[in-house]
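Chemist: coords please:
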Amino acid sequence: MSIFLIDEVDVQQALAIYLHYIRKQKKLSRVALFEKSGVPAATIKKFELTGQISLRQFLLLWQSLDDLQRLYSLVQMEKTLPKTIEEVIKGEF
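Modeler: Down below sits the predicted model:
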């Protein structure tokens, strides 16, 4: 049995490591990524080192380096159609 204890800092650092990796794969400097995303190079450096960034700036970086639709799909709630009349009556869908 495995137990994983992660917190927001772990997630922030994982996201920073991922985007840093993608930036390097695309052979973009921080200045080049700034020109593409509008996020200042100093902010990109701080994010890569600490994981700290505003949500808006994070999304701008993600959009510049990866598919924003892929990130968006993680938070979409799947709507399911009712299977029975009882579910419709009770509103369980």
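
Chemist: buried set for the longest helix seen in the chain?
Modeler: Secondary structure assigned by DSSP state H gives helix 8-25 as the longest helix of the chain. Neighbour counts over helix 8-25 (16 or more other Cβ atoms under 10 Å) mark 12, 13, 15, 16, 19, 20, 22, 23 as buried. In short, each C-beta sits where N, CA and C put it, glycine included.

Chemist: got the buried residues for the lowest-mean-pLDDT helix or strand in the chain?
Modeler: The helix or strand of the chain with the poorest confidence is helix 85-90; it has a mean of 81 (mean pLDDT, DSSP states H and E). For helix 85-90, a neighbour-count test (16+ other Cβ under 10 Å) marks nothing as buried.

Chemist: Now do the contacts for the spatially most central residue of the chain.
Modeler: Residue closest to the mean C-alpha point of the chain, counted by Cα atoms, centre = their mean, is residue 71 at 5.3 Å. Residues in contact with residue 71 (Cβ atoms under 8 Å, 6 or more residues apart in numbering) are 59, 62.

Chemist: and it, what are its phi and psi?
Modeler: When read as degrees, to the nearest 10, the backbone of residue 71 gives phi -70, psi -40.

Chemist: one step back: in JSON lines: the buried residues of helix 8-25, plus distance to residue 29 and pLDDT.
Modeler: Output for the buried residues of helix 8-25, formatted as JSON lines (distance: Cβ to Cβ, whole Å; pLDDT from 0 to 100):
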{"residue": "12", "distance to residue 29": "22", "pLDDT": "96"}
{"residue": "13", "distance to residue 29": "22", "pLDDT": "96"}
{"residue": "15", "distance to residue 29": "20", "pLDDT": "96"}
{"residue": "16", "distance to residue 29": "17", "pLDDT": "97"}
{"residue": "19", "distance to residue 29": "14", "pLDDT": "97"}
{"residue": "20", "distance to residue 29": "12", "pLDDT": "98"}
{"residue": "22", "distance to residue 29": "13", "pLDDT": "97"}
{"residue": "23", "distance to residue 29": "8", "pLDDT": "97"}
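
Chemist: with these in mind, which one is nearest to residue 65?
Modeler: Taking Cβ to Cβ as the measure, residue 65 lies nearest residue 22 of the buried residues of helix 8-25, at 4.4 Å.
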